[in-house]
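Colleague: I would like to see how this sequence folds:
(chains A, B, C, D and E)
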Amino acid sequence: MRSLLILLPLAGLILLNLPGGLLAGLALPAVAALAIFEIVLAVYLPTAAFPALEQVQQLLHLSTPLDSLARVLLLSIGIVMLASLLVLHATVKAQRRRFNVANVLLISLMGMNGVVLVHDLFSLYVFLEVTSVASFVLIASSGEDTGLEGAFKYLVLSAVATVLMLSGVAMMFLFAGSTDFSAVAAALQNNSGQLLLKIAIGTFGCGLLIKGGLVPFHGWLPDAYQSAPAAISVLLAGVVTKVSGIYALFRLGISVVGLQTFSPVLLAVGALSMVVGALLALRQNSLKRLLAYSSVSQVGYIVLGLGCAGMGGPAGKLGLAAAIFHLFNHTIFKTLLFVNSAALEQRTGTSDMSVMGGLGSRMPITSTSSAIAALSIAGIPPLSGFWSKLLLIIALWQAGLYAYASLAVFVSVLTLAYMLTVQRRVFFGKCREDLLSAREASGGIVLVEAALALVIIGVGVLMPYVMNSFLLPLKGGF
Amino acid sequence: MNNPNWPIFAIFGLGVVLTLGVGFYCVMVTRNLIRALIGLEVLTKAVTLLLVLCGYVAGRMALAQTLAITLIVVEVAVMVVAVSLFLGIFRRTGSIRSTDIQNLKG
Amino acid sequence: MSAIMMWAPILIPLAGGLLVLPMRGKSGLREIVALLATLANLVVAIANFNSVGTWTGQWVGHGLDIVLLNYQFSAFILAAAASFALLVCLFCFRFMREKTSANQFFAYMLISLAMVDGAVLADHLVTLLFFWEGLLITLMGMIAIGRPGAFKTAVKAFVIVGISDLCLMFGMAMAGLASGTLVMSKMHLPVTDAFNALAFVLMMIGAIAKAGSMPFHSWIPDAAVDAPLPFMAILPASLEKLAGIYLLSRISLDLFQLTPESWLSPLLMIIGAVTILLAVMMALIQKDYKKLLSYHAISQVGYMVLGIGTALPVGIIGGIFHMINHAMYKSCLFLTGGAVEKQAGTTDLAKLGGLARKMPITFACFFVAACSISGVPPFNGFFSKELLYDAALDRHFIFYIAALGGSFLTAASFLKLGHAAYFGKRSSEHDNVREAPITMLLPMLVIAAACIFFGVHNSWPLRNLIQPVLGARLEGHDFAGWPHSMRLVWLTVAVLAGAIMNHIAGATVYGSGINAVDHIHYAPLLKPIYEQAERRAFDPYEIMLDVAAFIARGAWSVDRAIDWVYNRLAVGAAMLGSTFLKLLHTGDYALYVAWALAGAAIVVWYMVS
Amino acid sequence: MNALDVVLVAALVVSATMTVMTARLLRAVIGLAITSAILTMIMFRLAAPIAGVFELSVCAGLIPAIFISAIGLTRRLAAEELPARQQERLRRFWPLPVLLVLAIIVLTQWPLPIGLPDSQGPEPVTDLSTLLWNARPADLLAQVALLLGGAFAVVMLVKNVGREHE
Amino acid sequence: MRSQNLLLLVIVLAPVLGSLLLPLTGAVSARLRNALAILLVLAAVVGSALLVPDAMAGRTQTFRADFGLGINFALKADALAVFMALASSLISAIILIYSTGYIAHYANQNEYYLMVVLFLGAMMGLVYSANLILLYVFWEITAICSWRLIGFFREPMQVLRADKAFLVTVFGALAMLLGFVMLGSQQGSFDMPSAPISVALPAAILILLGILSKSATLPFHTWLPDAGVAPSPVTALLHAAVLVKIGVYVYARLFVVSYIPPEGFATLVMAVAATSALVSAGAALLEHDMKRIIAYSTISQIGFIFLGLAAGNELGLAGALIYILAHGFAKGGLFLCAGIIEHGTHTKDIRQMGGLLKTMPVTAIVFLFCAFSVMGVPPLGGFFGKYMVISAAINSGHLVLGLVFLLGAFLTVLYLLRLFNMVFLGESRGLAGPEGTPVMVGSVVVLAALALASGLAIYWPALLANQAASQMLGIAR
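Modeller: Residues are numbered from 1 along each chain as shown, chains lettered A, B, ... in the order given. Got it, this is the predicted structure:
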């Protein structure tokens, strides 16, 4: 089943580009169909029961091919891809560009699926590269010079990341004689004191941190997010960096290296990202750039949870659960925020907040959904973001990481501050004269906004059920 | 250091480290976008060498060659994209200087 | 004693008041209702006079119950209050006829009466406080319905009395803690330790502020001008004095055991002496009938406070006797003022004159009351003052001199008032002034008669009403009859004679009664002080407002400083950090690569080490 | 220590250094090709002939060609700017050889506690084509996707941009 | 499951879930929406009232559903909760009725009703909550609602103030959350313990920060006067009836009922409250903005409530509860009066007002009566509350702090009368608005009547308050 996730996009890609352009008109529906297929697969894949987080415990020897972490990611990829497509449909009208972008989206989809599914370090690298290449093209697809600039910076940093990762892969390969996760994991256990392996873990990890855009490896991220076309920034922020950076880091930590070896690094980097990202987001004029820094900050939370997981014990398990949960939540609300930004871009032609104001009355659904996402990202109950942050804080506290827990708590204030700035400058307030003619965004975007907002509220309010089915397996440790 | 391959690993490893240094230095220092891409290429060379070297030392030459070939293909694809971006930038801005692509900042 | 009778003095006026309140317009019904209510109240008060009874009711819990106790002292005060209320009501029958706000006046008056009755009957501190503070609203209301702008004075009165009532509240809470009970008849606290002394002082503030002593007096002269005149007769002149001095006596005698040795006794005496002198000095120079009287209403409180402050039986008896005497002659005086105002249309002394012919009965009443207040034998004021002199001299002659000096000035000011209003040249505007109607005269006459009765036959009130209050503390003394010390009587007479001579001299020099005391008014040292006082520079209210404003400015700066921390400091710090970080992001990818490599170097170094 | 190995490594490093330091971009690209050629030799030395061939054909052939065409498209500019930038580039790049020498000294004089694994026995699969086609099919698929991505990059970024300008 | 337990669920969920229907209803008919909103709030009133007999009998209703990790949906209705719920829902209902008159001419009414009813629902949830995390959830829902409501008029300054209020309260709330996490780690669950257990000082301080920020007590108070830019019913709701009482309620719930604070903690709280009472009273004396003055007054009065709670004896607890009730009525009335005045004169600057007694006599009288209650003048309810808390402070041995509060009470008299003076008395300065609509005036009259009734009929609320106080202290009656 899961090989379909890699094969189908490729097949689609080839079919769409058959000579004569017979099927060219089906580009968008094809991608949409694949995304839906992916969502369905993620939810209903029969190999394991969905609420199977107990498997996290067994992840170190990875008995099942598809754990719930991968499943969460597949689900996120499907959802975000669908959202991105709808935004693409609404924002890009030129048929040719639409077709091209849809093709590259397929490449990206395949790359991400590959990243999630493979169990080989080198294959992981290859698929990361597929995802990245697709991203470069997508970011630059508008042809604007900012897009090219952002893509080029991403490319340079990504190449550096590649070098770092490959160095790590090579050195692990040296010891394991293979690049398979289990073989490398075994080699790492048998050769625990080896300098080269330590360097390898360090460089590979740093490569992933660059891909994930964590401070101080984040330089490319705001530029790329800001400059990407609306639909692409949705995809980038929603899943691409999560999959290529954060998921790979999870995978590395869980399946290969053992989180405990570098959890202090993760904690420090996570905390730094949290604070720096939030501070940077405070003073931005571009909504997308602000959201990009917000991503940096929120990814910091996720990595903090991952670091907490490395502390081991029941608190570590809770931390891992919290990190995965926050990863999912962040995917949803950050996607929603970027869709909001796309809606604004559609109606005002810019993402510069200094020319907006009081659009709440003109774009009620955009405004409401954006408020919901903003509150969720700031960790205000009863929305989804609160619960993941809460679990994270509980985990950090129980792991004895009091300073990190306090920091995580108080960065929420900064988060709320910049999110309120967005609300204030864009939606909440008197409508500007020149924006009185603005309308609600087009149907597809509104649909996405409403759906994602409902997901946020639903996960938040139905947290008991999410907890029962998703987190309770860890209760024994509490 | 008991491994019979140690001298080979040491000398080529030194080569890898130095080449990596050259590449990173180039990427960070140059203001010319093409030269930056050349720097990245140098980096890739170093990594390819490291991969092959590790395969050689580990006695996994077949796999190492496979990986190296894949790596080369990836390298080509990335470079094609990079040069496309470069050309795009050149056409839009008329410049090949990295100082001219600093519009996104702050 | 039945619960109904127990509650009747409270409920009858209250019901009457609530009934009257909606009666707008000019119907005579409200006067009748008010009259009936006060009459019924008097009947009840008399019926209750000799009975003793308690009533206890669950209220808030935690020992905060309603406890009423009717005993000799409270019955006496109730009866007195009821009498004055009835008389003032009668007076108002005509006086308030044309006023549209009369319904409010009667309502407030009746409710005030109910509150005073409740406060006097209360045997539980919280019950007392409930009624005591309840008086605030009616006080405010009664002043507010006066002439336009009176509301400001009402607010002033409210602030002063309200703040002192808060002190009373606090003192009560302290006393309750010290004694373990809030039931007044069970409290017997020594005032030796600081805690109890503070409690006493705070409760005393409440009591003397209600009575109108300095430094809580300054609303009274303002109210005299702004409020309807019967208000002055009923509240500051009688009911509030009754209540205030009643409470002062209770806390000095029952709740706390005030002894002459305690430092609180001189404190009270000093307050009393200062009040006597300063207020009468102010009274002396007033050019308005009502305002002059109002300063006397303050000054006379000084005597009572002084008397009770001596903590000697003779002083306390004198104080309480002076309280009832003062209530009589002062309400009588205010009523004459009311009659003059009603008939002559003004109370400005400069415009009045020669009214003795036109309004002989009013003048007669005025004369009796003025003699009483000046302490002329054999009117009632003379006897109570003699007791007070006795007590003051017993403690320290300085207090005696203050009291005597007060008497001198009192006499002088009433000579001036009488001369200016009832004699001297007659203004042509007042040609058609006629004697007041009978409903107004009757109360005055009754009170004037009572003044004479209480003076000539002082053994009745003293033996039946006042001396029992002291009970065992009286130690068998009997202060009825002619004063013991003839020496003091002669001194008093000499002072009165001096006052008359002073007046004659002044009136001759300045040519009119109203200016008879100008030599004091414009005396070298006093003149600037008087000027300042007229400008309210010494008004404790104004001073308190200044102090409050000072505190407020301090608080305000603290508040703004805290706000600055939020609005400027916190935001500024975040913005500074943000700006700094933004500057680091130059947009140069080489820099970003350098960061990433540096980060990687640190991470690898950490992993290796 | 084999002298040939030292020569090869030295050649590689010197070639790479020359590549990044040379004044003209065209020469830099040629330097890159030479570097690739040296790497090919090293690969032969390390018993990786097939990968070496790929390296030679792709990295010494294809990639320089791409670069040269790109430089050709921007030649006018590169030539104009050359004299002005030369001084600056020298200032930027002179520390590189110094740093390299320093690094060589440090790395050779400071023995790092580097351990190598023991021999891990014979390789399970030695047939390259089996490995490439059967063991790593995902990589192959990814390569296809990557190449398509490159193609789309050219289509979207080079071709279309040109068309918009026309 | 007994019907009372389900009733508990209904009280909480009816307004919370029902509020979400309001925008939909509003799309159909504004009148229907208003009616539904009032109905939902009345459901909470009636439901809470139905719980009174049980509460009086000392029976505690509970509803719980366990969700793991110690985060449970647990509701509990003891006398304290019932008292608080009844007081706040009753006041909210009146304010809501007033709103139908006040808000009728503004945009965003759907949002307004949604937020107000949701707010009340969250308040109910908070009051009945028996789990720390559940409490926190409802706590923050109220913050969200107040954020939207404060910025209701959408002017830049108002939105900024809304953000400020939100940020400050969230800052405190997050500190509190950290405290909760500490407690949770200590006791292994986030359920409030049935028998009080002691709590460490850091956790207590952190939780206190949250409480202070929500209750607008020094040094987190300045958002409250700033929030006076909100529509008057909202300020009434936030400042008077519900929002600021959340803090004191949680103090009572946590530090009196559920946990034993460390030694000296109560004195600290009292000192903070005393400073707060004094500083804000002083500020109120200098302020010129009508609603800011009343807001400062609220801050000051909250100090008195804290005094009663921190005194910790039965008298103080009962007094604080009565204070909460009386202050809710009176301050609600004051804010709504301010709303009528603002509606009529279109200004909040008292220096421009004067002589409004003539044009707004009913408002003036109501204002005065509510002010009397706040000052503590009998026979209004504020009298008993003030006496009881001050007495309790003295009884607990804090005489000096009591004297500070006495000074605060003086200033209360001064600033309220100054306000009355400036607004209603004196010469008119050209601003002479008409009396409000009948609904608005009727609402304030009802509030004033309740303020009066809460004093005259103190016996009945006192019964419940005393029951709550003794239950809080674990004294069997």
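Colleague: For the residue lying closest to D:L131 once chain neighbours are set aside, which residues are in contact?
Modeller: Sequence neighbours aside, B:T66 is the residue nearest to D:L131 in space, at 4.7 Å (criterion: C-beta to C-beta, 6 or more residues apart in numbering or on different chains). Bear in mind the C-beta positions are built from the backbone N, C-alpha and C, glycine included. Applying C-beta atoms under 8 Å, 6 or more residues apart in numbering or on different chains to B:T66 gives the contacts D:L128, D:L131, D:L132, D:A135, D:R136, D:D139.
Colleague: how's chain D carved up into domains?
Modeller: Per automatic domain parsing, the structural domains of chain D span D:1-76+D:84-108, D:126-166.
Colleague: Can you tell me how far C:A596 is from chain E?
Modeller: Look at C:A596 and chain E: by C-beta to the nearest C-beta, to the nearest Å, they are 32 Å apart.
Colleague: Quick one: mean pLDDT over the helix or strand harbouring that residue.
Modeller: Assigned by DSSP states H and E, C:A596 falls within helix C:589-608. Averaging pLDDT along helix C:589-608 gives 92.
Colleague: can you point me to the longest helix in the chain?
Modeller: Just going to use chain A. helix A:313-348 (DSSP state H).
Colleague: ah, no, chain B please
Modeller: helix B:61-93.
Colleague: Quick one: residues contacting A:M463.
Modeller: Contacts of A:M463 by C-beta under 8 Å, 6+ apart are A:P382, A:S384, A:W387, E:F67.
Colleague: The residue of the stretch 351-478 of chain A found nearest chain D: what's it in contact with?
Modeller: Proximity of the stretch 351-478 of chain A to chain D (C-beta to the nearest C-beta) peaks at A:S351, 22.0 Å away. By C-beta under 8 Å, 6+ apart, the residues touching A:S351 are A:Q226, A:S286, A:L287, A:K288, A:S341, A:L344, A:E345.
Colleague: Mind doing that once more with 7 Å?
Modeller: By C-beta atoms under 7 Å, 6 or more residues apart in numbering or on different chains, the residues touching A:S351 are A:S286, A:L287, A:K288, A:S341, A:L344, A:E345.
Colleague: so which of the contacts of B:T66 would you say is closest to A:I6?
Modeller: D:D139 (10.9 Å; C-beta to C-beta).
Colleague: before we move on, which element is the closest one in?
Modeller: Per DSSP H and E: helix D:137-153 holds D:D139.
Colleague: Same question for E:A195.
Modeller: Per DSSP H and E, there is no helix or strand for E:A195.
Colleague: Can you tell me the closest non-neighbouring residue to it?
Modeller: Per C-beta to C-beta, 6+ apart, closest to E:A195 is E:G474, 7.8 Å.
Colleague: Tell me if that neighbour really is in a helix.
Modeller: No - counting by DSSP: H, G, I helix; E, B strand; the rest coil, E:G474 is not part of a helix but coil.
Colleague: Next, count neighbours for it.
Modeller: 9 (other C-beta atoms under 10 Å in any protein chain shown).
Colleague: So it versus chain B, what's the distance?
Modeller: In terms of C-beta to the nearest C-beta, E:G474 sits 59 Å off from chain B.
Colleague: so C:D65 sits in a strand?
Modeller: Yes - according to three-state DSSP, C:D65 belongs to a strand.
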